[in-house]
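> here is my input, please return the structure:
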Amino acid sequence: MTGDVTTLSVLLSVAYLIGSVPTGLLLGKMYGIDVRKEGSGNIGATNLYRTVGRKVGLITLVCDCLKGLLPVLIIKLSPFPPEFAAFVALSAFCGHVFSVFLRFKGGKGVATALGVFLALAPQAVAVAIAIFVLLMFIWRYVSLGSILAAAVMPPAVYYMHGSGTVTVVTSVIAVIVIFRHYENIKRLLSGNENKFKA
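Now for the predicted structure:
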């Protein structure tokens, strides 16, 4: 038991540090831009897309996604208890949202959440992506699509995968993602939210 706790603590720490790497900020600085002072001030893919360019935005999206995907996949392919993967997923996600390298600030967590969910519950992700794409097609709000996609993940995970631990972790991540969109929600309600332009 003690060995399992020690092992899990190490895995959680490593996953948190991987998630904490501020990909968007680093990529922006390569182009001479501090994205925290541009656009929405967020270090995520959407703000990079708008302030630096399409290519950098897409690279940010992929890298932030991989920060969540790879640690969880490694655990799932290793001889660790299944619950370890869910805890590592939450740790990597929290690293991105509360980065130790940014004084415990960070992104909104959508791309990293996508990564961990792809590893934990790929079938449920298909449902969330379908909702995101539909809402983007109709209203062109990235924030609205992200919020509702996050909201649908816990019930989708529960009904399609049946794991209590994964459902709880998914619920925690969904709540954090929605909370991190608090300013977007206010702008959506007031009609001042920016629409996505391809």
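> just the mean pLDDT for the helix or strand harbouring Leu58, thanks.
Per DSSP states H and E, Leu58 falls inside helix 54-76. In this model, helix 54-76 has a mean pLDDT of 97.
> what sits up against that helix?
For helix 54-76, contacts defined as Cβ atoms under 8 Å, 6 or more residues apart in numbering pick out 11, 14-15, 18-19, 21, 23-24, 27-28, 31, 44-46, 48-50, 82, 84-85, 88-89, 91-93, 95-96, 107, 111-120. Glycine gets a C-beta too; all of them are placed from N, C-alpha and C.
> try it again at 6 Å.
The contact list for helix 54-76 (Cβ atoms under 6 Å, 6 or more residues apart in numbering) reads 15, 18-19, 23-24, 27, 45, 48-49, 84-85, 88-89, 92-93, 111-112, 114-116, 118-119.
> export the helix or strand where Leu26 lies to CSV, keeping only CA atoms.
Element membership for Leu26, per DSSP H and E: helix 23-30. Extracted C-alpha coordinates of helix 23-30, given in CSV (Å, rounded to 0.1, in the frame of the first residue of the first chain):
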residue,chain,number,x,y,z
THR,A,23,2.8,26.0,-24.4
GLY,A,24,0.9,29.0,-25.7
LEU,A,25,3.0,31.5,-23.7
LEU,A,26,6.3,29.9,-25.0
LEU,A,27,5.1,29.8,-28.6
GLY,A,28,3.9,33.4,-28.4
LYS,A,29,7.3,34.6,-27.1
MET,A,30,9.0,32.9,-30.0
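> re the thing from before, okay, and which of the contacts of helix 54-76 map to helices?
Here DSSP state H is the test, and those give 15, 18-19, 23-24, 27, 45, 48-49, 84-85, 88-89, 92-93, 111-112, 114-116, 118-119 as lying in helices.
> any figure for the gap between Ala113 and Val127?
14 Å (Cβ to Cβ, to the nearest Å).
> neighbour count: these two, which is higher?
Counted by other Cβ atoms under 10 Å, Ala113 and Val127 do not tie: Ala113 has more neighbours, with 29 against 18.
> tell me the contacts of that one?
Shown in contact with Ala113 (Cβ under 6 Å, 6+ apart): Phe93, Ile173, Val177.
> sketch out the low-pLDDT regions of this protein for me.
Applying pLDDT under 70 to the chain flags the ranges 1-3, 198.
> let's see it at 50
In the prediction, the chain carries no residues with pLDDT under 50.
> hmm, back to that, between the contacts of Ala113, which is nearest Val5?
Minimum distance to Val5 across the contacts of Ala113 is 21.1 Å, recorded for Phe93 (Cβ to Cβ).
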